[in-house]
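# predicted model and sequence follow; I will ask about them next.
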Amino acid sequence: MTKSIYFAGGCFWGTEHYFKQVRGVVATEVGYANGRVPEEVSQPSAVWAPTYEEVYTDTTGFVEAVRIEYDPERVSLQLLGELFFRSIDPTSLNRQGEDVGTRYRTGVYYTDAGDRPLFEALFLQVEAAVGQPLAVELEPLRNFYPAEDYHQDYLDKHPEGYCHLPWSLMQFAKEANAEASR
């Protein structure tokens, strides 16, 4: 049985690739989360999804996010949260690396309310360590729309493509729970 958590850590290409390295992560999907949905979409027959071009305007409220599907028998949610904080600047508002705008804000979006206390405790630990308030959202997932196909697994398809995360972090993620797989 798997579980899911959604992380927004700047450009979703790097965040997805980072979490794909972690043993116990069984699937990832990049997309757009927690934005405003047009009223007409509430109709059951309406088929709608935000486009990259729309999200890029920073007028939709959507954030680039990654759905992380994981096996809790192989990797803990605690470790995934710790790895998330290792990959972001938690005090930077609407910016990660060279990527600027509300679509690049950071956040943790959960579908299981039982996950919230774990993240509340982790947020307090990180805030104490950095000595200032965090600019990271902690909210229930309101909506998530998969991004266009060309964004999925982008860095697998384009190994020389843009990534705001250092490649050394990818290696760290590969080794993060190596002992759990033995």
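Looks like it arrived, so ask away. Since the model is a prediction, treat every value here as computed from it, not as a measurement. Residues are numbered from 1 along each chain as shown.

# tell me what the longest helix anywhere in the chain is packed against?
In the chain, with assignment by DSSP state H, the single longest helix is helix 116-130. In terms of contacts (3 or more C-beta pairs under 8 Å, 6 or more residues apart in numbering; DSSP states H and E), helix 116-130 is packed against helix 77-86, strand 106-110, strand 136-140. C-beta: built from backbone N, CA, C; applies to glycine.

# report the angle between that helix and strand 136-140.
For helix 116-130 against strand 136-140, the angle by axes from the mean of the first three to the mean of the last three C-alpha atoms, to 10 degrees is 170 degrees.

# ok, residues contacting helix 116-130?
For helix 116-130, contacts defined as C-beta atoms under 8 Å, 6 or more residues apart in numbering pick out 77-78, 81-82, 85, 90-91, 108, 110, 133-134, 136, 138.

# show me how far that helix is from its chain's centre.
Averaging C-alpha positions (C-alpha atoms, centre = their mean, to the nearest Å) puts helix 116-130 17 Å from its chain's average.

# relative orientation of that helix and helix 77-86 in degrees?
Relative orientation of helix 116-130 with respect to helix 77-86: 40 degrees, computed using the same axes, to 10 degrees.

# quick check: angle from helix 116-130 to strand 106-110?
Helix 116-130 runs at 160 degrees relative to strand 106-110, counting by the same axes, to 10 degrees.

# let me know how buried Phe119 is, in neighbour terms.
18 (other C-beta atoms under 10 Å).

# pLDDT at it, what is it?
For Phe119, the model assigns a pLDDT of 98.

# swap in Val47?
pLDDT, Val47: 79.

# ok, it to Thr60 distance?
Going from Val47 to Thr60 by C-beta to C-beta, to the nearest Å gives 17 Å.

# same deal with Arg36?
6 Å.

# name the residue in those two with the higher neighbour count.
Neighbours per residue (other C-beta under 10 Å) separate Arg36 from Thr60, with Thr60 holding more: 18 against 13.

# next, the contact list for the closest residue to Glu139 other than its chain neighbours, please.
Among residues not flanking Glu139 along the chain, Tyr109 sits closest, at 5.7 Å (C-beta to C-beta, 6 or more residues apart in numbering). Going by C-beta under 8 Å, 6+ apart, Tyr109 touches 5-8, 33-34, 65, 137, 139-142, 144.
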